[in-house]
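Peer 1: Got a sequence here, can you model it:
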Amino acid sequence: MKTVLLVFLHGFMGTDNTFDQFPRHLQNELRTELGCVPGATGAAGSRNGLVEVQSVVYPRYATSGELAAAVESFLSWLTNTVIDREVAKGTRSPVVDPSVAVVLVGHSMGGVVACDSLMAATSASPAGPTVFPHILGVLCFDSPLLGLAPQVVAHGVLDRGVSKFNDLRGVAAGLPLGAVSSFLFAKGASETTGTRSADANRARGRWKLAAGLGAAAAVAAVAGGALYANRDKVAEHMDWIGGHLAFAGALFEPRATLERRVAGASASAPVAVFYTSVADSTDVRKMLGRRTFCVVPDHGAQPRLGSWTEAANTRATDEIDAHVGMFNSGTNPGYGPLVGGARRTVLGWTTEFLK
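Peer 2: Numbers count the residues shown, from 1 in each chain. Take a look at the predicted model:
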């Protein structure tokens, strides 16, 4: 019996509950389409004994540090997960003739991790068409593979990102703006030395600048000695900020670099992106039409950069709400069609594997 394994990866600072009931709903719809029925133990079996569909959520991981480290950890976990299933099945040659095929499903930055993992698996495999684990494709949900839409950076992320900076208020409430910014930027400069790549340092530096300005504005108010007296606490907050922003720094690479990443993944296996959109209701900007969380390629570039399908949310107030509420049927009126679109995409990928 062959197994189609759906593997879900959350995004930036996500949790095991990011996908809500989506994994179960997608799994059940695929089981219905493929003729699967519950087995005696509750596992998915098949009427003809040929196929089963399983889903697993990759355990919550740290979205901090370098993206490459997250990719390496995930690919190691995925390889072991697939090997365990192949051994349990008694598969004679899981590399040449696998009985388990994987569909990677990523939300937000989880899609970036999935695409990079696909390329890493391809490059680590021997020359030829065989790749282990056998990855049928990558489903990305609102993954900023080509970067965040500019208006999200300008109006959404910065507004919602100040909560961590606000923690510094208790450390140095009222500290003069100049003293705070000098401390933050000095720390940021010192942290760019070490083992980080030049590109990662540039991305980290851009985030550090924004973080420094936000933090300085948040704590500007009291006395000069408080920051130094509580320097360990301040360092803790800045390490948290810097680590997480280094992970997301991959979104701020040049557009050509981002396109090469997506094209590389698409050359290894199909990549399908479902991206949210909201209508702009403000009088000044309504003429701009839909607003998206992530940058969307022109239609002419999509074959090379995977397939991109709009998933409009008519209830969301802004791009961030649409992004985080994508898998909630109560906040996303388009949830049903989203499950259906994912089901049809995966079914198309399984045809060759299930022959």
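Peer 1: I'd guess Val4 is in a strand, am I close?
Peer 2: Yes. Val4 forms part of a strand when assessed by DSSP: H, G, I helix; E, B strand; the rest coil.
Peer 1: neighbours around it, how many?
Peer 2: Counted with other C-beta atoms under 10 Å, the neighbours of Val4 add up to 26. Every C-beta, even on glycine, is put in place using the N, C-alpha and C of the backbone.
Peer 1: What of the one 5 residues further on?
Peer 2: Residues near Leu9, counting by other C-beta under 10 Å, number 28.
Peer 1: helix or strand for Asn332, which one?
Peer 2: In the assignment (DSSP states H and E), Asn332 maps to no helix and no strand.
Peer 1: surely it meets Val324?
Peer 2: No. With contact defined as C-beta atoms under 8 Å, Asn332 does not reach Val324; the gap is 10.1 Å.
Peer 1: Quick one: low-confidence residue ranges for the stretch 201-350 of the chain.
Peer 2: Within the stretch 201-350 of the chain, the ranges that satisfy pLDDT under 70 run 201-248, 280-289, 300-302.
Peer 1: can you give me the helices for it?
Peer 2: Using DSSP state H, counting those that start in this stretch, the helices assigned to the stretch 201-350 of the chain run over residues 225-229, 231-248, 255-268, 319-324, 335-350.
Peer 1: any idea which helix or strand comes after whichever strand or helix holds Asp84?
Peer 2: According to DSSP H and E, Asp84 maps onto helix 67-89. Per DSSP H and E, helix 67-89 leads on to strand 100-107 as the next helix or strand towards the C-terminus.
Peer 1: just the angle between the helix or strand that that next one is followed by and helix 67-89, please?
Peer 2: The helix or strand immediately downstream of strand 100-107 is helix 109-124, counting by DSSP H and E. If you take axes from the mean of the first three to the mean of the last three C-alpha atoms, to 10 degrees, helix 109-124 sits at 70 degrees to helix 67-89.
Peer 1: next SSE after helix 109-124?
Peer 2: Downstream of helix 109-124, the first helix or strand assigned by DSSP H and E is strand 135-141.
Peer 1: Show me the strands paired with that next one, marking each as parallel or antiparallel.
Peer 2: Strand pairing for strand 135-141, using DSSP bridges, gives strand 100-107 (parallel), strand 271-279 (parallel).
Peer 1: in the stretch 51-200 of the chain, what spans have low per-residue confidence?
Peer 2: 62-65, 126-130, 153-200.
Peer 1: ok, the closest residue to Thr331 other than its chain neighbours to Asn28 distance?
Peer 2: In this structure, Thr331 finds its nearest non-sequential neighbour in Gly325, 3.6 Å apart by C-beta to C-beta, 6 or more residues apart in numbering. In this view, Gly325 and Asn28 are 21 Å apart by C-beta to C-beta, to the nearest Å.
Peer 1: how many other residues sit next to the closest residue to Ala70 other than its chain neighbours?
Peer 2: Ranked by C-beta to C-beta, 6+ apart and with sequence neighbours excluded, the top spatial neighbour of Ala70 is Val113, at 5.5 Å. Applying other C-beta under 10 Å, we find 29 residues neighbouring Val113.
Peer 1: Tell me the secondary structure at Thr15.
Peer 2: coil.
Peer 1: what's the distance between the closest residue to it other than its chain neighbours and Val4?
Peer 2: The shortest distance from Thr15 to any non-neighbouring residue, by C-beta to C-beta, 6+ apart, is to Arg60 (5.5 Å). Arg60 is 24 Å from Val4, where distance means C-beta to C-beta.
Peer 1: re the thing from before, ok, the residue nearest to Ala70 - contacts?
Peer 2: By C-beta atoms under 8 Å, 6 or more residues apart in numbering, the contact set of Val113 is Leu9, Leu67, Ala70, Val71, Phe74, Gly106.
Peer 1: One more: Ser329?
Peer 2: Applying C-beta under 8 Å, 6+ apart, the residues near Ser329 are Gln21, Tyr335, Gly336.
Peer 1: gap between it and Phe132?
Peer 2: 36 Å.
Peer 1: One more: Gly90?
Peer 2: Going from Gly90 to Phe132 by C-beta to C-beta gives 17 Å.
Peer 1: Same drill for these two, tell me which one is more crowded.
Peer 2: Phe132 (18 against 7).
Peer 1: Could you verify my assumption that the more buried one touches Val100?
Peer 2: No. Look at Phe132 against Val100 with C-beta under 8 Å: they stay out of range, at 9.9 Å.
Peer 1: Quick check: neighbours shared by the two?
Peer 2: Joint contacts of Phe132 and Val100 (C-beta under 8 Å, 6+ apart) are Val82, Pro94.
Peer 1: Now, of the contacts of Ser329, which are buried?
Peer 2: Those of these that meet the buried threshold are Tyr335, by 16 or more other C-beta atoms under 10 Å.
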